[in-house]
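In: Predicted model, plus sequence, below.
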Amino acid sequence: MSLEEHKRRERANAIGLFRYQLICPALEDGLSTRQRGRLVREIAERRHIDPFGTQVQIARATLDRWIRRYRGGGFEALVPEPRRLATRTDTQVLGVC
């Protein structure tokens, strides 16, 4: 693994941890649907400092999506996948008709 790949992986893990820390209170087993909804709305209303020092506000729909992902795949589902750059070979891009 190159140094660049290692840095990307660390960054992705930091993002996953940030996401987990935000949704963790809403993952409690004893919460009713109503309690969980209220808690997620409260989290969405606040501003948070992301792993890179930027103040962010996370939408309720995004928090709900992260909760579903966590339930479906655990912590790894919260870690963003590295972006893959693909070369476009569309004939219109190449100017071929």
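Out: Arrived safely, thanks for sending.

In: Which helix or which strand is home to the nearest residue to residue 28 once chain neighbours are set aside?
Out: In space, and not counting its chain neighbours, residue 28 is closest to residue 36: 8.0 Å by CB to CB, 6 or more residues apart in numbering. (Glycine included, C-beta is placed from N, CA and C.) For residue 36, the host element (DSSP states H and E) is helix 33-45.

In: Could I have the CA atoms of that helix written out in CSV?
Out: Provided in CSV are the C-alpha atoms of helix 33-45 (Å, rounded to 0.1, in the frame of the first residue of the first chain):
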residue,chain,number,x,y,z
THR,A,33,-39.6,4.8,17.0
ARG,A,34,-40.8,8.2,18.3
GLN,A,35,-37.8,8.6,20.6
ARG,A,36,-35.4,7.7,17.9
GLY,A,37,-37.0,10.1,15.4
ARG,A,38,-36.8,13.0,18.0
LEU,A,39,-33.2,12.2,18.7
VAL,A,40,-32.2,12.1,15.0
ARG,A,41,-34.0,15.4,14.4
GLU,A,42,-32.1,17.0,17.3
ILE,A,43,-28.8,15.7,15.9
ALA,A,44,-29.8,17.1,12.5
GLU,A,45,-30.6,20.5,13.9
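
In: Go through it and flag the buried ones.
Out: Buried residues in helix 33-45, counting neighbours by 16 or more other CB atoms under 10 Å, are found at 36, 39-40, 43-44.

In: cool, stretch 71-88 as well?
Out: Neighbour-count burial for stretch 71-88 flags 78-79 (criterion: 16+ other CB under 10 Å).

In: and for it, what are the contacting residues?
Out: Residues from elsewhere that reach stretch 71-88, judged by CB atoms under 8 Å, 6 or more residues apart in numbering: 8-9, 12-13, 15-16, 19-20, 27, 66, 69-70.

In: And for stretch 46-54?
Out: With CB under 8 Å, 6+ apart as the test, stretch 46-54 has contacts from 11, 14-15, 17-18, 22, 55-58.
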